[in-house]
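[1] Predicted coordinates and the sequence they were generated for:
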Amino acid sequence: MQVVVNLTRCQSYAQCAFLAPDVFRMRGTEALMYDPAPADEQRERVLQAAAACPVQAILVDRVDDREAATQSATNLGMTPPRPVAPGGGDAATEALRRSGRIVIVGASLAGAAAAVTLRREGFAGELTMIGEEPYRPYDRPPLSKQVLDGWVPADHTALPLLDEMDVSWRLGVPAIGMDPAAKRVRLGDGGEVGYDRLLIATGTRARPWSDPGEAALDGVCTVRTRDDAAGLERRLAARPGRVLIIGGGFTGSEIASVCRDRDLAVTLVERGPAPMVGALGRIVGEAAAGLQRERGVDLRCGVTVTRLEGDTAGRLRRAHLSDGDTVDAEVAVVALGAIRNTEWLAGSGLAVGGWGVGCDAGCRAFDAAGVVTDDVFVAGDVARFPHPLYDYQFLALEHWGNAVAQAQIAAHNMISPATGRWPHLAVPVFWSEQFDTNIKSVGVPTLADQVVIAQGSIAQGRFVAAYGFRGRLTAAVAFNQTRWLDPYQALIEAGAPFPPALHGVDEPADARAVPAEMPDEAARRRHATVTVTGHDPSELRAGLVHHR
């Protein structure tokens, strides 16, 4: 049995933890952890938990959540997703559906979601998935949580359904190039694979430590792959004297949380004024800093690691900081963000770079001249696409929910006629679980100039921060207030004014907007000009709003 919880949808009602406590665990009041591969004797309890979930966020033996979306929409009185009718396309599209060749480069979450969608929507042709790692697609969020915690083995994170699908697997071999004219992908083992449609879903890799010699020291780690997580968990289980974490983003903060849960001494070094400041701004970042310090993290902000020092046997011993201080540590986790896997596309003629692969809202890749292709699509972390809600600015989102939603759109469009294609208009949603706190965001907080605590309070550790730009609501972030985010998402889609006027529960009497203090001031060049309506991908529509 395999379980995936769509934590983008989950609102932490916790019925699952009561019905199947050996599979689902609550940390604090809202942070959910679960075993992705529970024993078969747990099946009845897990199925009961899935049925009882008010938002149908628990997926059993499947990674595609269209059925859950249908049931959730029906429960809420919304129009459920329309099924895709076979036929009805042009002759070329129908021929592609029956006997075409589709290649997915990237055995990732996005690649898996696309494969499932293709088969569900009637693609009967040859489907090939290419992956550099030797494993079939697996879920990455548990790696920095359940796996490092020691509860779940790294090999229990495989995504469901893929064993039953008719897929030709090319695993353990990287794609090293593509020829768009000949429609062929070149592989690292000297082979080639032809395609009629190609999906690029190669995602990202962890950014390594800048000095190769220091990066090679025994004890210096990154966490991105299944093997990375398994190796770091073994080191944590050996109880090092201190763990150094370089970088205070979401991954670094989650690893710090696991270290403290395991009663390990941990120092986190962040060059910004607070953890996660690049994504959430200074006000909310300082709330995260408070969580870390309360739980015993030695948090060093406003400094950087300048050098890692090893002993004569090549083992890490200490780190030198920019303020002249040193930190003795046996393990250092480099959590300095990600690099998009686009190098293999050099010379392909596509619009690629360190920022990703450019594509339109229908997931069709751009060539270097900015012209969309009709046979190469992009989805997931590697995709850079224009979002109408944010003045068509190009966004590259490293979010679980975006990978699934964008892959489903790409897969649908790959086998649909031009008149039946859908845009990717979903409002970005991401989450993090750390220090017994569930942090969840809707929208894009970085594209904001102001923030207001709209519900709860930072002092209580339970609040919703609303973000705005030039009088329009752009995002909301909740700390242990997940259930209140849906109204904010609806307001974002409607281009609502900022500050929001929800007149909801737990509103502060003295709420006032203050500067968001986002590090990247250059990113905010937008006006809210578009609204989004509809619930299912087949119904989502964007409409322009004209301002005087």
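    Looks like it came in fine. Numbers count the residues shown, from 1 in each chain.
[2] buried set for stretch 141-155?
    For stretch 141-155, a neighbour-count test (16 or more other Cβ atoms under 10 Å) marks 141-149, 152-154 as buried. The way it works is simple: take the backbone N, C-alpha and C, and place the C-beta from them, glycine included.
[3] actually stretch 15-35, sorry about that
    If you call a residue buried by 16+ other Cβ under 10 Å, then stretch 15-35 has these buried ones: 15-17, 19-20, 23-27, 30-35.
[4] Surely P499 touches A513?
    Yes - if you go by Cβ atoms under 8 Å, P499 and A513 touch, sitting 5.4 Å apart.
[5] intersection of neighbour lists for those two?
    Common neighbours of P499 and A513, counting by Cβ atoms under 8 Å, 6 or more residues apart in numbering, are 450, 452, 468.
[6] pLDDT score assigned to R525?
    In this model, R525 is scored at 49, pLDDT.
[7] what pLDDT, on average, does stretch 251-261 get?
    Per-residue pLDDT values over stretch 251-261 give a mean of 97.
[8] Now do that stretch: distance to the chain's middle.
    From the chain centre to the centre of stretch 251-261 is a distance of 18 Å (Cα atoms, centre = their mean, to the nearest Å).
[9] residues in contact with it?
    Against stretch 251-261 from outside (Cβ under 8 Å, 6+ apart): 144-145, 148-149, 223, 232, 236, 243, 245-246, 265-266, 268, 270, 275-276, 288, 292, 295-297, 333, 335, 432-435.
[10] Select from those residues every entry located in helices.
    Within these, membership in helices is found for 232, 236, 288, 292, as judged by DSSP state H.
[11] Could you point out which of the buried residues of stretch 141-155 is nearest to N480?
    Nearest to N480 among the buried residues of stretch 141-155 is K145, at 16.5 Å by Cβ to Cβ.
[12] one step back: could I get the ones in helices among the contacts of stretch 251-261 in TSV, plus columns for neighbour count and distance to A509?
    TSV is the format used below for the ones in helices among the contacts of stretch 251-261 (neighbours: other Cβ atoms under 10 Å; distance: Cβ to Cβ, whole Å):
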residue	neighbour count	distance to A509
L232	23	46
L236	19	44
A288	24	25
Q292	24	29
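[13] Redo those as CSV? Include distance to A459 and pLDDT.
    As requested, the ones in helices among the contacts of stretch 251-261 are exported to CSV (distance: Cβ to Cβ, whole Å; pLDDT from 0 to 100):
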residue, distance to A459, pLDDT
L232, 34, 98
L236, 32, 98
A288, 14, 96
Q292, 16, 97
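[14] residue contacts, G468?
    Counting by Cβ under 8 Å, 6+ apart, G468 touches 448-452, 474, 498-499, 513.
[15] what sits up against stretch 187-200?
    For stretch 187-200, the surrounding residues in contact (Cβ under 8 Å, 6+ apart) are 96, 100-106, 111, 114, 125, 128, 130, 132, 170, 173-176, 178, 182-186, 345, 357, 365, 375-379, 382-383, 407, 410-411, 414-415.
[16] most centrally placed residue in the chain?
    Relative to the mean C-alpha position of the chain, the nearest C-alpha, by Cα atoms, centre = their mean, is the one of H399, at 1.8 Å.
[17] For that one, which non-adjacent residue is spatially closest?
    F430 (4.2 Å; Cβ to Cβ, 6 or more residues apart in numbering).
[18] partner residues bridging the one you found?
    In this structure, F430 has beta-bridge partners S441, where bridges are defined by DSSP bridges.
[19] tally of neighbours for it?
    Counted by other Cβ atoms under 10 Å, the residues lying close to F430 total 20.
[20] close enough to count as contact, G231 and C221?
    Yes - the pair G231 / C221 is scored as a contact, 6.7 Å apart, by Cβ under 8 Å.
[21] who's more crowded, those two?
    Relative neighbour count places C221 above the other of G231 and C221, with 21 against 14, counting by other Cβ under 10 Å.
[22] Could you pull up phi and psi at the more buried one?
    Backbone geometry at C221, expressed as degrees, to the nearest 10, gives phi -130, psi 160.
[23] so it sits right up against A230, yeah?
    No - between C221 and A230 no contact is recorded; they are 11.0 Å apart, counting by Cβ under 8 Å.
[24] Any idea what R340 is bridged to?
    On the basis of DSSP bridges, R340 takes part in beta bridges with T204.
[25] which ones are touching it?
    Listed by Cβ under 8 Å, 6+ apart, the contact partners of R340 are 202-204, 354-357, 381-382, 396.
[26] Try it again at 7 Å.
    Remark: with contacts taken as Cβ atoms under 7 Å, 6 or more residues apart in numbering, R340 is in contact with 204, 354, 356, 381-382.
[27] Of these, which is the nearest to G370?
    Nearest to G370 among the contacts of R340 is G356, at 14.7 Å by Cβ to Cβ.
[28] would CSV of the ones in helices among the contacts of stretch 251-261 with distance to R421 be doable?
    Output for those, formatted as CSV (distance: Cβ to Cβ, whole Å):
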residue, distance to R421
L232, 42
L236, 47
A288, 40
Q292, 45
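[29] ok, back up a step: minimum pLDDT in the contacts of R340, which residue is that?
    Taking pLDDT as the measure, the contacts of R340 have their low point at G354 (89).
[30] Three-state assignment for R98, please.
    For R98, the reduced secondary structure class is helix; criterion used: DSSP: H, G, I helix; E, B strand; the rest coil.
[31] What count of nearby residues applies to the closest residue to it other than its chain neighbours?
    Computed as Cβ to Cβ, 6+ apart, the closest residue to R98 that is not its neighbour in sequence is A124, at 5.6 Å. A count of neighbours around A124, defined by other Cβ under 10 Å, yields 14.
[32] before we move on, the earlier item: return the subset of the contacts of R340 lying in strands.
    The strands in this structure, assigned by DSSP state E, contain 204, 356 from the contacts of R340.
[33] Relative to Q15, how far out is the spatially closest residue to R27 that is not a sequence neighbour?
    Spatially, and ignoring its direct neighbours in sequence, R27 is nearest to D436 (4.6 Å; Cβ to Cβ, 6+ apart). Distance check for D436 against Q15: by Cβ to Cβ, to the nearest Å, it reads 19 Å.
[34] Verify the contact between G241 and V327 for me.
    No - no contact is recorded between G241 and V327 when judged using Cβ atoms under 7 Å, the distance being 11.0 Å.
[35] more neighbours, the two?
    Each of G241 and V327 has its neighbours counted (other Cβ under 10 Å); V327 has more, 16 against 10.
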